[in-house]
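K.L.:
Below are the sequence and a predicted model for it; my questions follow.
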Amino acid sequence: MPESQAPILLDFPESFETQRLLIRAPLWGDGASMHEALVESQELLKPWMPFAQTLQSLEESEKFTREARLEFLKRIEMHLRIFDKVSGRFIGCTGLHNINWDIRNFEIGYWIRSSCAGKGYMTEAVNGVTDFAIRELAANRIEIRCSALNLKSAAVAERAGYTLDGILRRNRRAMNGELHDSKVYAKVRGTEF
């Protein structure tokens with residue numbers, strides 16, 4: 001893929017599979033399954049995710065899904081939905097964010113519904129998104145950032161083979177208002193892939 005091509009002109013698949021998962025761009029109508037997972041998982045997500053501070057309505061979840069679809073098509077943000085390949089059950093969200101197309105830098109974000117946590121799904125999804133970014137988007141750098149207190153999120157990055165680049169001290173405000181450190185993990189072309 002030409003590095004100077006405008007992002008809106010880039011063609012790449014909207015979905016891909018891993019061993020157990022289907023990972024794809026949001027589609028109209030996905031708001032219902034995402035809303036169900038948010039209702040189930042709000043307490044698990046609340047310490048880390050701004051969107052989990054209040055429970056979204058079904059309509060708000062669908063509105064977010066449709067906006068995420070448009071952002072994906074415009075190549076602004078690349079929200080992705082994670083589904084179990086066999087059952088079709090919605091597992092969670094991931095995606096590529098804070099995109100810098102000029103240097104092909106991407107940040108992976110993720111959350112999982114509480115009933116699916118601890119089964120290796122998110123590590124599998126992160127590995128799939130990483131492979132997708134390398135293969136389809138010619139990534140030069142892929143990052144994962146999380147609160148230093150979010151041990152589960154950091155463990156996903158470490159299991160996926162990301163290197164801890166450093167800790168940004170007191171650079172983020174937690175949901176409780178306190179300042180927290182951030183861990184920055186990365187994989188870089190020529191080093192880790």
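P.N.:
Looks like it arrived, so ask away.
K.L.:
For the protein, which segments are assigned as helices?
P.N.:
Along the chain, counting by DSSP state H, helices occupy 31-45, 58-74, 121-137, 151-159.
K.L.:
now the residue lying closest to residue 136 once chain neighbours are set aside: how far from residue 186?
P.N.:
In this structure, residue 136 finds its nearest non-sequential neighbour in residue 12, 4.2 Å apart by CB to CB, 6 or more residues apart in numbering. For the C-beta atoms, the positions are set from N, CA and C on the backbone; glycine is no exception. Going from residue 12 to residue 186 by CB to CB, to the nearest Å gives 22 Å.
K.L.:
Counting neighbours, go ahead and name the busier of the two.
P.N.:
Set residue 12 next to residue 186 and count neighbours by other CB atoms under 10 Å: residue 186 wins out with 19 against 14.
K.L.:
Now do the same contact list for the more buried one.
P.N.:
141, 142, 143, 144, 162, 163, 165, 192 (CB atoms under 8 Å, 6 or more residues apart in numbering).
K.L.:
So what pairs up with it in the strands?
P.N.:
For residue 186, the beta-bridge partners under DSSP bridges are residue 143, residue 163.
K.L.:
winner for burial among the helices of the chain?
P.N.:
A comparison of the helices of the chain by mean neighbour count, using mean count of other CB atoms under 10 Å, puts helix 121-137 on top with a mean of 20.
K.L.:
what's the spacing between it and its chain's center?
P.N.:
How far helix 121-137 lies from its chain's middle: 10 Å, per CA atoms, centre = their mean, to the nearest Å.
K.L.:
what's it packed up against?
P.N.:
strand 15-17, strand 21-24, strand 78-84, strand 90-100, strand 105-112, strand 141-147, helix 151-159 (3 or more CB pairs under 8 Å, 6 or more residues apart in numbering; DSSP states H and E).
K.L.:
Put together JSON lines for the ones you listed, with distance to residue 5 and mean pLDDT on each row.
P.N.:
Converted to JSON lines, the helices and strands packed on helix 121-137 look like this (distance: least, CB to CB, whole Å; pLDDT from 0 to 100):
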{"stretch": "strand 15-17", "distance to residue 5": "21", "mean pLDDT": "98"}
{"stretch": "strand 21-24", "distance to residue 5": "23", "mean pLDDT": "98"}
{"stretch": "strand 78-84", "distance to residue 5": "16", "mean pLDDT": "98"}
{"stretch": "strand 90-100", "distance to residue 5": "14", "mean pLDDT": "98"}
{"stretch": "strand 105-112", "distance to residue 5": "16", "mean pLDDT": "97"}
{"stretch": "strand 141-147", "distance to residue 5": "19", "mean pLDDT": "97"}
{"stretch": "helix 151-159", "distance to residue 5": "30", "mean pLDDT": "97"}
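K.L.:
All good on my end, thank you.
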